[in-house]
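> Got a predicted structure plus its sequence, pasted below:
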Amino acid sequence: MKKTLLYIIIFLLTGQYIQAQQKVYMPFFEILNIHEDYQYSLSKLFQNYVRDQGKYEILLPVWNNEPYPKESQEETQSKARELGAPYFIKGDLNALGDLIIVTISMFQTADGEEVWNSLLKAKKLDDLDPIMFTLAKNLGEKEVRSTADDIYTVTEQEGKELTEVETKISTGLLLGGAYPFGGTFSPGLGLLTTYDNRNIIFGLDGSIFFHKDNTTGYLAITVDYPFTSAKNTGYVGGGLGYGVMSVWDETDPYDNETTNSGLMLLGGGGFILNRTSSVRLIIGSRVFVPLFKVNDKIMPGINFYLAINVSKRSKRKRQYDINLNN
């Protein structure tokens, strides 16, 4: 039973990942009044940013070290069908003086229906990097449309996030308490390590809550889903771990303490403050359900915690892999 449950959870997590990697065929950006070298570099940059989001996989055609010929929508749709991609993208960059207009549309391969589109304008070439990130982050989810004045503010913010400290892996101290239903509230502490890939936050939580009447401890792998990609956001999720519970029973003349251990399910949510910083604050609560009995009964409960996590400071490295001869 315990192994079956573990396999089901692993299968569901694997299915979530597989489902997130939908193939999308995209010919290289069509360019107008921009140096031809940008066609390859910006297409690859967009492909990498989309891959980092974990939802789509951009399929680009073979690059022959020369400007890629323009494809009609019918040709692009046909190639997407051959590659087994359920979606295809058409994108172009058009420079009007110092203004650069970036447009992207995503279509269903089956019927050619447009399912998403975006138009962003940049005031300078340096804005193209954060614009590619903005488009990749919102691909297929929400429309990103703005005027030149608006997009400059947007790209400044996105650029700040890109050059800011990356807080992928963080570790810190957890303080809180646990209340097993029918038992006594127990204060405790633990260590919480998280890996944040923007869309999902994986965690390793080792905590123990102790009181003279009852003690609860566990080592659990958690999966949490943040509501937004903002620096302050709520989240919801759950986990599976190995737990230990002890209960003091004064009515037993031979053995006053009963201890048992086994698999434990957790589920709940909370709020993260300063998610993009190297120091973040996590406030949350989880219901825990042991899949074993203590004193001949299962004792579920709820815990509350506050964690301060610290990550190593590291910059995101970005570069164009071409020589520009403008």
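Yes, it's here.

> Would you check how far apart the residue nearest to His211 when sequence neighbours are not counted and Phe292 are?
Of all residues not flanking His211 in the chain, Ser186 sits nearest, at 3.9 Å (C-beta to C-beta, 6 or more residues apart in numbering). Quick note: C-beta positions are derived from backbone N, CA and C, even for glycine. Going from Ser186 to Phe292 by C-beta to C-beta, to the nearest Å gives 18 Å.

> Check which residues of the host helix or strand of Glu75 are buried.
Assigned by DSSP states H and E, Glu75 belongs to helix 73-83. Buried residues in helix 73-83, counting neighbours by 16 or more other C-beta atoms under 10 Å, are found at 76-77, 79-80.

> Can I get the helix or strand just after that helix in CSV? Just the C-alpha atoms.
Once the chain leaves helix 73-83, the next helix or strand it forms, by DSSP H and E, is strand 87-96. What follows is strand 87-96 as a C-alpha-only set of coordinates in CSV (Å, rounded to 0.1, in the frame of the first residue of the first chain):
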residue,chain,number,x,y,z
TYR,A,87,1.4,24.5,-31.7
PHE,A,88,3.5,26.8,-33.9
ILE,A,89,4.7,30.4,-33.6
LYS,A,90,5.2,33.2,-36.0
GLY,A,91,7.3,36.2,-34.8
ASP,A,92,8.9,39.2,-36.3
LEU,A,93,11.0,42.2,-35.3
ASN,A,94,10.6,45.5,-37.1
ALA,A,95,12.8,48.6,-36.5
LEU,A,96,11.3,52.1,-37.1
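
> so what strands line up beside strand 87-96?
The pairing partners recorded for strand 87-96 under DSSP bridges are strand 22-25 (parallel), strand 30-32 (parallel), strand 99-108 (antiparallel).

> pLDDT of that strand, averaged?
Mean per-residue pLDDT for strand 87-96: 92.

> Output the strands paired with strand 87-96 as JSON lines; include the columns mean neighbour count.
Listed next are the strands paired with strand 87-96 as JSON lines, based on neighbours: other C-beta atoms under 10 Å:
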{"stretch": "strand 22-25", "mean neighbour count": "19"}
{"stretch": "strand 30-32", "mean neighbour count": "16"}
{"stretch": "strand 99-108", "mean neighbour count": "18"}
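
> pLDDT at the residue nearest to His211, what is it?
Looking at Ser186, the pLDDT reads 93.

> same check, this time on Asp321
35.

> for Asn326, same thing?
35.

> again, but for Lys317
40.

> List the contacts of Tyr87.
22-25, 56, 80, 106-109, 115, 140 (C-beta atoms under 8 Å, 6 or more residues apart in numbering).

> Among those, which one sits closest to Phe271?
Phe271 lies nearest to Gly140 out of the contacts of Tyr87, by C-beta to C-beta, at 26.9 Å.

> hmm, back to that, just put the contacts of Tyr87 in TSV and tack on distance to Gly190 and pLDDT.
Converted to TSV, the contacts of Tyr87 look like this (distance: C-beta to C-beta, whole Å; pLDDT from 0 to 100):
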residue	distance to Gly190	pLDDT
Gln22	37	89
Lys23	41	93
Val24	41	95
Tyr25	46	96
Tyr56	36	92
Ala80	48	94
Met106	43	93
Phe107	48	94
Gln108	47	93
Thr109	48	94
Val115	44	91
Gly140	38	83
